[in-house]
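> Provided below for reference: sequence and predicted model.
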Amino acid sequence: MRRRSVLSMLGLGSVGLLTAKGLSGYSSNGIGSVPGKKAFPFTPVRVALPVNSDGLTAAEQQTTYREIAVEDRLVVPEGVRSDLLAAWGDALGSSRFGFNNDHLGFVQHDANRASMTVNFEYISPKPWVDGFEEVVGQPLPYAAMVRALAASDGLIDCTALAATDPRLAQIRAIADQAMTDLGVGVMTLKRDSQGHWVRAKAAQDRRIDGIAGLENPAERLRCTGPATKVFEAASRQGYDDGLGSAVIGTFANCGGGTTPWGTVLSAEENFQSQVPEPVFADGSSLAPSQRPFLCLESKLYGLGNVYGLAGNKYGWMVEVDPDAPDHQAVKHTALGRFRHEAVAVRAEAGQPLLVYSGCDRRGGHLYRFVSSRTVTEVKNKANSRLLEEGELQVARFQADGTGDWLPLRPDTAVDPFLPSRFDQAELACPVELPNSDRQQAVAELFRDDASVQAYRKRYPTLASLYRGDGDAMQGAILVDAHLASSAIGATPTARPEDTKIDPISGDLLIAFTSGSPGSTGGADPAVFQGPEGQASWPNGWVMRLSDQGENGFRWRMAVTGGTPWAGGLGFTNPDNVAVDAKGNLWIVTDRSMKGSAGDVFGNNSCWFVPRNGGQNIGQDSSQDETAACFAIGPMECEVTGVCLDRPEKTLFLAIQHPGEVHGSRKQGDEEFQTHDLVDREDTAFQQLRQLPLGSNWPAQAPGRPPRPGVVAVRRSSGEPLLGA
């Protein structure tokens, strides 16, 4: 039994540990014993640390939070239930429901029928291998491959192996299954006799996995936009996969969004784990050998190496029509190639189509696409053609709350962010730019202003950095959108992970997950500051952005993550967000901090920020700053994909990678943690916390493998989630 007991060390002896259910102490229409606090439309779930919305006095907080036990289940409010819709391994079309479900694209066709498009992002080897034989029904030679590659640290270049090499067949056995569990899935939902959403098999159900089209060319994805000229070039600096503008599969599908005309946009995010990310000046890719296959107990990377995939064909926004199974999925290259996470679509008749997206890396950028032509009918599926031609722009923020959109065009001036701006804030961050040797594909890191200024003189515009004629040069810029954006002075931001349009104000809401710096970049410390002006704030924010005129905007932080005693709302690392019809904000979290600084927040969760009571989220910023926890995920999971149905009676959540660290939980597997907490009167106290190790969700029986899955959350009474 894995167990670290600290009871005797703390001098507490044996204690009565409270479960999350046991800690719940709200009435359905009140906030508890703290005067002046607003009621929430549901009974908030009690979290692992004191928060402003818990309804407790300082003394009650100390009593309640001094000893707690965390549970391996999805915890929802009293009177609310969650029902599993699908989990890894379930049948889906001619294949199976994939692994690590993320964004959920809910498209309601009528009162009783809907489609749900699900992203499957990546493989977590520990729970995937632990559960594979039970879930899929066949053995997987993963452990044998780990042993076989141990001498080479798990690495092997499959492109250098002969077709008859026995290792290649073993690798394909693993890679084929992993790629089957990645990509996109479409499933059909219907209402049952009680009005609850349940699965319904239909002809529309299907999978578009990581190797779609490998065996059957008719299943390959197609591309639109300027980068097709890069893919179809007769000669190139780098690798040619021989497929022209056709693409095998999609993977690393993380965030996404739905369009007003009923299609779903799926974002390819951390594709660099599977294929080479760097590209040459003409947009062509490094050879697959530069991202070899890697098979370790804790990592499964370089899957593209097994199939000879071209890295420049991944990192795009993919459009899927859930109700048209005969239509190919499409990668729209006019939207740019980067570590796509978020997407929000603004469609107004008579105006250009606007698409907002973010690049989820430390120092990644916020983007806006403006279509060349205008929208005629907002719900007309012909609007998908507007995604094929337009201008990609990138945000430059000013510390005074203003900003402007910079066009990614050949004639745009090179004017990078200066390293001294990090130095002045005592952040050891470089500025990452296209390599000054244009024969090289790998980015170059700059650490002093003089070298950046010399770079700017050498390369005055993007046209001097990239190669190609006409659309081919524009395509090369879009293939290398992140570095091209850095070159023209786009603001490095704090990992933009989601974008949504506020249905009331029309503003854009952006979830910035973390302001911590990284080895290749970080967020502008003049813009992304903590509650007390900290230059580095790891807990994240939600920003409100309002376009002003043709190319300008105004911005302000609407929600700040962090502990309440440090100025946050009680959660950390906001990831996906949703906005309901009343303008309330729903946030799900992806805790990325390691150690006690992150552990204090407990399991990842779903939060409700009321429009009239959130931190500047509504139009009246004088309201109390508060948020309430609506759900807490099982052990070691990320809560993702938050979205609502049309009458807002059902909230959908994706539970990703339960048991990612420890795999399947065995009876008695647990540990104890201690945390330093602060009550609402700023008095410090210590907490003892008991946690299971690993997960058995959704089976919740010791020894059963954890399975990522999608749930529908609703009131048991059938009433709307937030009341009438």
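Nice, thanks for sending it over.
> Low-confidence regions, this protein specifically.
1-38, 613-625, 724 (pLDDT under 70).
> cutoff 50 now
Residue ranges of the chain with pLDDT under 50: 1-36, 614-624.
> In it, what residue spans correspond to helices?
For the chain, the helices defined by DSSP state H cover 7-10, 20-23, 58-65, 125-136, 142-148, 166-180, 227-231, 303-307, 420-423, 449-458, 471-479, 481-487, 596-599.
> would you list these in JSON lines and tack on mean neighbour count?
Where C-beta positions appear, they are placed from N, C-alpha and C, glycine not excepted. Below are those laid out as JSON lines (neighbours: other C-beta atoms under 10 Å):
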{"stretch": "helix 7-10", "mean neighbour count": "12"}
{"stretch": "helix 20-23", "mean neighbour count": "16"}
{"stretch": "helix 58-65", "mean neighbour count": "18"}
{"stretch": "helix 125-136", "mean neighbour count": "20"}
{"stretch": "helix 142-148", "mean neighbour count": "16"}
{"stretch": "helix 166-180", "mean neighbour count": "18"}
{"stretch": "helix 227-231", "mean neighbour count": "25"}
{"stretch": "helix 303-307", "mean neighbour count": "26"}
{"stretch": "helix 420-423", "mean neighbour count": "17"}
{"stretch": "helix 449-458", "mean neighbour count": "14"}
{"stretch": "helix 471-479", "mean neighbour count": "25"}
{"stretch": "helix 481-487", "mean neighbour count": "26"}
{"stretch": "helix 596-599", "mean neighbour count": "14"}
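> Could you dump those into JSON lines with distance to residue 291 added?
Converted to JSON lines, the helices of the chain look like this (distance: least, C-beta to C-beta, whole Å):
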{"stretch": "helix 7-10", "distance to residue 291": "46"}
{"stretch": "helix 20-23", "distance to residue 291": "42"}
{"stretch": "helix 58-65", "distance to residue 291": "46"}
{"stretch": "helix 125-136", "distance to residue 291": "17"}
{"stretch": "helix 142-148", "distance to residue 291": "17"}
{"stretch": "helix 166-180", "distance to residue 291": "13"}
{"stretch": "helix 227-231", "distance to residue 291": "19"}
{"stretch": "helix 303-307", "distance to residue 291": "6"}
{"stretch": "helix 420-423", "distance to residue 291": "29"}
{"stretch": "helix 449-458", "distance to residue 291": "27"}
{"stretch": "helix 471-479", "distance to residue 291": "16"}
{"stretch": "helix 481-487", "distance to residue 291": "17"}
{"stretch": "helix 596-599", "distance to residue 291": "29"}
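> can you tell which of the ones you listed is closest to residue 660?
Each of the helices of the chain has some distance to residue 660 by C-beta to C-beta; the shortest is helix 125-136, at 6.2 Å.
> how much does the closest one deviate in direction from helix 166-180?
On the basis of axes from the mean of the first three to the mean of the last three C-alpha atoms, to 10 degrees, helix 125-136 is oriented at 80 degrees to helix 166-180.
> contacts for helix 125-136?
88-89, 96, 99, 138-140, 142-143, 177-178, 181, 296-300, 657-664, 695, 705-707 (C-beta atoms under 8 Å, 6 or more residues apart in numbering).
> Only whichever of the residues you listed are buried, select them in ChimeraX.
Buried members of the contacts of helix 125-136, defined by 16 or more other C-beta atoms under 10 Å, are picked up in ChimeraX with:
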select :88,89,96,99,140,142,177,178,181,300,657,658,659,660,662,663,664,695,705,706,707
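> Please flag which of the contacts of helix 125-136 sit within strands.
Counting by DSSP state E, the contacts of helix 125-136 place 96, 300 in strands.
> Okay, and the beta partners of residue 446?
Beta-bridge pairing for residue 446 (DSSP bridges): residue 431.
> I figured residue 229 hits residue 471, correct?
Yes: contact criterion C-beta atoms under 8 Å: residue 229 and residue 471 qualify, at 4.6 Å.
> quick one, what contacts residue 710?
Residue 710 makes contact with 84-87, 101, 104, 116, 118, 641, 652-655, according to C-beta under 8 Å, 6+ apart.
> Out of the helices of the chain, the one nearest residue 338 is which?
Of all the helices of the chain, it is helix 481-487 that lies closest to residue 338, at 4.4 Å by C-beta to C-beta.
> hang on, the earlier thing: any chance of JSON lines for the contacts of residue 710, columns neighbour count and distance to residue 188?
Output for the contacts of residue 710, formatted as JSON lines (neighbours: other C-beta atoms under 10 Å; distance: C-beta to C-beta, whole Å):
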{"residue": "84", "neighbour count": "17", "distance to residue 188": "16"}
{"residue": "85", "neighbour count": "21", "distance to residue 188": "11"}
{"residue": "86", "neighbour count": "24", "distance to residue 188": "11"}
{"residue": "87", "neighbour count": "20", "distance to residue 188": "17"}
{"residue": "101", "neighbour count": "27", "distance to residue 188": "16"}
{"residue": "104", "neighbour count": "23", "distance to residue 188": "14"}
{"residue": "116", "neighbour count": "26", "distance to residue 188": "8"}
{"residue": "118", "neighbour count": "31", "distance to residue 188": "12"}
{"residue": "641", "neighbour count": "27", "distance to residue 188": "17"}
{"residue": "652", "neighbour count": "24", "distance to residue 188": "14"}
{"residue": "653", "neighbour count": "27", "distance to residue 188": "19"}
{"residue": "654", "neighbour count": "30", "distance to residue 188": "17"}
{"residue": "655", "neighbour count": "29", "distance to residue 188": "21"}
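> Same list, the residues you listed, but as a markdown table with distance to residue 502 please.
Listed next are those as a markdown table, based on distance: C-beta to C-beta, whole Å:
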| residue | distance to residue 502 |
| --- | --- |
| 84 | 31 |
| 85 | 28 |
| 86 | 30 |
| 87 | 33 |
| 101 | 26 |
| 104 | 20 |
| 116 | 24 |
| 118 | 25 |
| 641 | 20 |
| 652 | 20 |
| 653 | 21 |
| 654 | 23 |
| 655 | 27 |
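> Could you check how far residue 401 is from residue 227?
35 Å (C-beta to C-beta, to the nearest Å).
> wait, I meant residue 317
12 Å.
> One more: residue 74?
To residue 227, residue 74 is 41 Å away according to C-beta to C-beta.
> Can you name the residues that contact residue 589?
561, 571-575, 601, 604-607, 638-639.
> What sits closest to it if chain neighbours are left out?
Distances taken as C-beta to C-beta, 6 or more residues apart in numbering place residue 604 nearest to residue 589, at 4.7 Å, with adjacent residues excluded.
> so how many other residues sit close to that neighbour?
The local packing of residue 604 (other C-beta atoms under 10 Å) involves 25 other residues.
> ok, it touching residue 631?
No: the criterion here is C-beta under 8 Å, and residue 604 misses it with residue 631 at 9.6 Å.
> residues shared between the contacts of those two?
Joint contacts of residue 604 and residue 631 (C-beta under 8 Å, 6+ apart) are residue 639.
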